[in-house]
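**Q** predicted coordinates and the sequence they were generated for:
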There are 4 protein chains.
Amino acid sequence: MKFSATQITSQQAMSYARQMLNTYPHHSRIDAGVLAAAIDALSDCVQACTADVDADLSESDLADMVKCIRLCLHCTDVCAATLGVVSRPAEYDANVTKPLVEACVAICKSCGDECERHAHMQAHCRVCGEACRRCEQACRELLAAIT
Amino acid sequence: MKFSATQITSQQAMSYARQMLNTYPHHSRIDAGVLAAAIDALSDCVQACTADVDADLSESDLADMVKCIRLCLHCTDVCAATLGVVSRPAEYDANVTKPLVEACVAICKSCGDECERHAHMQAHCRVCGEACRRCEQACRELLAAIT
Amino acid sequence: MKFSATQITSQQAMSYARQMLNTYPHHSRIDAGVLAAAIDALSDCVQACTADVDADLSESDLADMVKCIRLCLHCTDVCAATLGVVSRPAEYDANVTKPLVEACVAICKSCGDECERHAHMQAHCRVCGEACRRCEQACRELLAAIT
Amino acid sequence: MKFSATQITSQQAMSYARQMLNTYPHHSRIDAGVLAAAIDALSDCVQACTADVDADLSESDLADMVKCIRLCLHCTDVCAATLGVVSRPAEYDANVTKPLVEACVAICKSCGDECERHAHMQAHCRVCGEACRRCEQACRELLAAIT
């Protein structure tokens, strides 16, 4: 249960993405810190967007939440695929990874913008918007590292 | 069991992707025939690549199959995400869909090339290579329709 | 484009799931016809439920569609995972596959029931409900074959 | 970048799963702490198993890694689906969630056992095995909370 601050030790504080990269038998061309940060941010964004769809569907002003729901669904799918591809760095191909991460940046940007529009009313959209912003930023840094 | 030719009727022959688009309450800017063909090809490619990984792992010349396995895993993830995004056309954004479909074309091309290299030895790679080629082609047609 | 009846040949009529099983180097304990039918039905159900969520979100009586949207989202996730696991039959474990397919039967039943409730008003729910019913049935037959 | 111990603050230490549940507008029957712990463990397990497949494929004793690769692929699919379903608690149905989480416990157990078998040789399998064990445990606690 890593969400309890008192339970965090330096061991638990290192994400599995980072630990896996530290033990990876294949030499990657991408900086491990940038890659692990992207994997963690993608994973968080999948969590947040998945939950935000369900939370949005519980709101009374449903018609106003439709765009947010749709963008969260797209964001979940694109982040999950990007998470898969960048977590398997051995067979790396810029022609695949670059446009995929670009698609990820674009949907995290749109989804983050839309969540922010609801942030003053819906706390779950504020949290989800933060996850999208961090993921957008981590993917931009990954893009800079791979091109 | 739609794979038995004798059981196919015109009703069953229309894919669910096509039937769903025919009943879709939202007007899409993308030609329904092109979109349904892409969705079907993406779905077939996910099926074939998923199965091909397991089949590859059963071969005796495992070291020669590693690249094929890795490309099939990437292809499954990218095709599944693309399938999700293009199946929800209402909140369409070219900045997301275009690079995503481009990533899909690139991985279907690489994966199809690698499967073809094994096609004379492994029949499952021949079948999977065909699914990749059709998906690459269907995604190229989708790209032409959305840009 | 397998949705056009005139374009179907016996070659095209055989699904990739069936073709992959026909070329599979590993001997499976499960009947190939039952397994291929389940894989095809799962694949169709993923397609239909994904599209139905977007279609539901376009309806004016949104509050009445919330349950349908939520069940379609669950159904998509469970069917996609079941599709993956049963498409890799080599490392088969009844302790995993049996409860997974049972979860799939349960969500296809609930989702099919809810879609049917809307079928007279929304044609997309009628189509999606059919895909759920077929998938529920195909998974029941798979369950009977694996236990 | 939550993997650096020095960068962790109490704010960052709370996972997005926990933050989303804290802001959730729907009352859930399941304890939020147990649920958030399960979501985090599922997310970590997806990360670790995805990366472990790629790492396994880089090992020289490939034939000995085949079972581990196959179990990691199953584990990724089942954990990802379970993550999706339990992250949308509003439309909760024990007939779906219970067998799904049971399938998750079973695959995390098998995959953790197999990873442990390789742990003395492959550090990535040791890390992945830990993620599987924690996920198995978190899912057992979730099962106890939902039945």
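**A** Happy to help now that I have it.

**Q** so which strand or helix has the residue most central in space within chain A?
**A** Central residue of chain A (Cα atoms, centre = their mean): residue A:42, 2.3 Å from the mean position. In the assignment (DSSP states H and E), residue A:42 maps to helix A:32-56.

**Q** so that helix, near chain D or not?
**A** Yes: on the criterion Cβ under 8 Å from any Cβ of the partner chain, helix A:32-56 is in touch with chain D at A:33, A:36-37, A:39-40, A:43-44, A:46-48, A:50-55. The C-beta positions use only the backbone N, C-alpha and C, and glycine is treated the same way.

**Q** buried subset of those residues as a ChimeraX selection?
**A** Burial among those is assessed by 16 or more other Cβ atoms under 10 Å in any protein chain shown; the matching ChimeraX selection reads:
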select /A:36,37,39,40,43,44,46,47,48,50,51,52,53,54,55
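
**Q** can you narrow the residues of helix A:32-56 next to chain D to ones near chain C?
**A** Answer for those near chain C (Cβ under 8 Å from any Cβ): A:53, A:54.

**Q** out of the residues of helix A:32-56 next to chain D, which comes closest to residue B:20?
**A** Nearest to residue B:20 among the residues of helix A:32-56 next to chain D: residue A:53, at 19.5 Å, using Cβ to Cβ.

**Q** pretty sure that closest one is in contact with residue C:76, am I right?
**A** No: Residue A:53 is beyond contact range of residue C:76, at 11.7 Å (criterion: Cβ atoms under 8 Å).

**Q** what's the closest non-adjacent residue to residue A:126?
**A** residue A:119 (3.8 Å; Cβ to Cβ, 6 or more residues apart in numbering or on different chains).

**Q** I misspoke; the intended subject was residue A:24.
**A** Closest to residue A:24 by Cβ to Cβ, 6+ apart is residue D:55, at 5.5 Å.

**Q** need the contact list for that neighbour.
**A** A:20, A:23, A:24, A:25, A:26, D:122, D:124, D:125 (Cβ atoms under 8 Å, 6 or more residues apart in numbering or on different chains).

**Q** flag every residue of chain A that's near chain B.
**A** So far as Cβ under 8 Å from any Cβ goes, chain A lies against chain B at A:67, A:70-71, A:73-74, A:77-78, A:80-82, A:84-85, A:88, A:90-91, A:93, A:95-100, A:102-103, A:106-107, A:110.

**Q** let's see it at 7 Å
**A** Contact residues, chain A versus chain B (Cβ under 7 Å from any Cβ of the partner chain): A:67, A:70-71, A:73-74, A:77-78, A:80-81, A:84-85, A:88, A:90-91, A:93, A:95-96, A:99-100, A:102-103, A:106-107, A:110.

**Q** which among these end up buried?
**A** A:67, A:70-71, A:73-74, A:77-78, A:80-81, A:84-85, A:88, A:90-91, A:96, A:99-100, A:102-103, A:106-107, A:110.

**Q** right, is the helix or strand containing residue A:104 up against chain D?
**A** Using DSSP H and E, residue A:104 sits within helix A:94-118. No: Helix A:94-118 lies out of reach of chain D by Cβ under 7 Å from any Cβ, never closer than 11.6 Å.

**Q** is that helix up against chain C anywhere?
**A** No: judged by Cβ under 7 Å from any Cβ, helix A:94-118 stays clear of chain C, getting no closer than 13.8 Å.

**Q** which elements pack onto the helix or strand just after that helix?
**A** Of the helices and strands lying after helix A:94-118 in sequence (DSSP H and E), the nearest is helix A:123-146. Packing partners of helix A:123-146 (3 or more Cβ pairs under 7 Å, 6 or more residues apart in numbering or on different chains; DSSP states H and E): helix A:32-56, helix A:62-86, helix A:94-118, helix D:16-22.

**Q** mean pLDDT added to the ones you listed, as CSV?
**A** As requested, the helices and strands packed on helix A:123-146 are exported to CSV (pLDDT from 0 to 100):
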stretch, mean pLDDT
helix A:32-56, 97
helix A:62-86, 98
helix A:94-118, 98
helix D:16-22, 93
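
**Q** and of these, who's closest to residue B:15?
**A** Closest approach to residue B:15 among the helices and strands packed on helix A:123-146 (Cβ to Cβ): helix A:62-86, 20.0 Å.

**Q** name the helices or strands packed onto that closest one?
**A** helix A:32-56, helix A:94-118, helix A:123-146, helix B:62-86, helix B:94-118, helix C:62-86.

**Q** can you list contacts of the helix holding residue A:104?
**A** A:45, A:49, A:67-68, A:71-72, A:74-75, A:78-79, A:81-82, A:85-86, A:125, A:128-129, A:132-133, A:135-136, A:139-140, A:142-143, A:146-147, B:74, B:78, B:93, B:95-96, B:99-100, B:102-103, B:106-107 (Cβ atoms under 7 Å, 6 or more residues apart in numbering or on different chains).

**Q** which one in chain A is furthest away from the centre?
**A** Residue farthest from the centre of chain A, counting by Cα atoms, centre = their mean, is residue A:60 at 27.4 Å.

**Q** sec struct for that residue, please.
**A** Classification of residue A:60 by DSSP: H, G, I helix; E, B strand; the rest coil places it in coil.

**Q** backbone phi and psi for it, please?
**A** With angles defined as degrees, to the nearest 10, residue A:60 sits at phi -80, psi -30.

**Q** what's the distance between it and chain C?
**A** 9 Å (Cβ to the nearest Cβ, to the nearest Å).

**Q** that older thread, out of the helices and strands packed on helix A:62-86, nearest to residue C:13?
**A** Of all those, helix C:62-86 sits nearest to residue C:13, with 20.2 Å by Cβ to Cβ.

**Q** distance between the closest one and the chain's centre?
**A** Between the centre of helix C:62-86 and the centre of its host chain there is 10 Å, according to Cα atoms, centre = their mean, to the nearest Å.

**Q** picking up where we left off before, right, and the residue nearest to residue A:126 touches residue A:129 too?
**A** Yes: under the criterion of Cβ atoms under 7 Å, residue A:119 makes contact with residue A:129 at 5.6 Å.

**Q** looking at those two, which is more packed in?
**A** Neighbour tally, residue A:119 and residue A:129, criterion other Cβ atoms under 10 Å in any protein chain shown: the higher count belongs to residue A:129, 24 against 16.
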